[in-house]
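Asks: Structure for this input, please:
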Amino acid sequence: MSEEIFGQKKVIRHQIRELKNGLTPSQKQSEADTVFYKIELLPEFQNANNIFIYWSLPDELPTLAFIDKWCDKKQFFLPAIIGNGMVLKHYSPSESLLKGTHGIMEPNSLIDFNGEVELGIIPGVAFDGHKNRLGRGKGYYDRFFSNNKSLKIGVCFDFQLLKTLPVSLHDVKMDKIVSPTQIVN
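Replies: Okay, here's the model as predicted:
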C-alpha cells in the first residue's frame, strides 16, 4: 500500500471516530434498528440459514437486539481472531462469550465452523458508493472474505457512507451496503 493511500485512510479513520463519539447509545440503537429492519426485508437475508455477523463494539451499529431476535431461526457465526487470521465460531445464546483479540467478544468454543455462510453482515469504519470498505487497518476481514463467496452486506451509520474511499488491491468490495437512509446495490 502506498504511503499516500495509507495516510488518506488514517485521516478518514480519525474523522469517522470523531463523528461516532458524538452519538448517544439511543441514537446508535435507533439507527441500528432501521438498518437491520431493512436487512430483514432483503430476500438474501430471508433465504439465508448460516449468517456471519459481528458482535458489536461500542462504536459500531449495535447487533445484539438483531441477533437475539433471529437466533432461534437462523444460525449465526461470529468472527474469532487467531494470529493473523479470522475463523468463524457458532453463536449460541446459551454459551458464554469471552473477550478475544482487540477486546472483541467471541464464542467460548474450541470448534471452528468450516462450512459455508450464505450471508455476511459486515461492519466497517467507512464505505463508499462503489461498495468499497475501509476497516480498522488490520486486514482480517479482507483476508477472510477474499476466499469466501458469501454475499457481503456492509452496515453503517449514514456519515460512514462516503462518496469515494482510497483503496488498495487487497481491499474486498461489498455486494451491498445498508445505512439508515440508503441501500447501495
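
Asks: Mind listing what's buried along stretch 60-80?
Replies: In terms of neighbour count (16 or more other Cβ atoms under 10 Å), stretch 60-80 has its buried residues at 60-63, 66-67, 70-71, 74-80. Bear in mind the C-beta positions are built from the backbone N, C-alpha and C, glycine included.

Asks: Revised request: answer the last question for stretch 25-32.
Replies: 28, 31-32.

Asks: residues making contact with that stretch?
Replies: By Cβ atoms under 8 Å, 6 or more residues apart in numbering, the residues outside stretch 25-32 that reach it are 23, 61-63, 65-66, 157-158, 180.

Asks: Could you point out the helix or strand that follows the helix ranked longest in the chain?
Replies: Longest helix in the chain by number of residues, with DSSP state H as the criterion: helix 3-21. Going down the chain from helix 3-21, the next helix or strand is helix 25-41, by DSSP states H and E.

Asks: next SSE after that following helix?
Replies: Criterion used, DSSP H and E; the element after helix 25-41 is helix 43-47.

Asks: now the helix or strand just after that following helix: how far from the chain's centre is it?
Replies: Per DSSP H and E, the first helix or strand lying C-terminal to helix 43-47 is strand 50-52. Relative to its chain's centre, strand 50-52 lies at 12 Å (Cα atoms, centre = their mean, to the nearest Å).

Asks: Pull out the buried residues from strand 50-52.
Replies: Buried residues in strand 50-52, counted by 16+ other Cβ under 10 Å: 50-52.

Asks: In CSV: these, plus distance to V167.
Replies: Putting the buried residues of strand 50-52 into CSV (distance: Cβ to Cβ, whole Å) gives the following:
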residue, distance to V167
N50, 29
I51, 26
F52, 22
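
Asks: nearest to G7, of those residues?
Replies: F52 (30.7 Å; Cβ to Cβ).

Asks: so how far is E3 from the closest one?
Replies: F52 sits 33 Å away from E3, going by Cβ to Cβ, to the nearest Å.

Asks: With respect to N148, which of the contacts of stretch 25-32 is nearest?
Replies: Of the contacts of stretch 25-32, the one sitting nearest to N148 (Cβ to Cβ) turns out to be T63, at 19.2 Å.

Asks: Can you get me a residue count around the closest residue to the closest one other than its chain neighbours?
Replies: Nearest in space to T63, with sequence neighbours left out and distances taken as Cβ to Cβ, 6 or more residues apart in numbering, is S56 at 4.5 Å. Using other Cβ atoms under 10 Å, S56 has 19 neighbouring residues.

Asks: you'd agree S56 is in a strand?
Replies: No: if the criterion is DSSP: H, G, I helix; E, B strand; the rest coil, then S56 is coil and not within a strand.

Asks: in its sheet, what does the longest strand anywhere in the chain sit against?
Replies: In the chain, assigned by DSSP state E, the strand with the most residues is strand 75-82. Taking DSSP bridges as the criterion, strand 75-82 forms sheet pairs with strand 50-52 (parallel), strand 85-90 (antiparallel).
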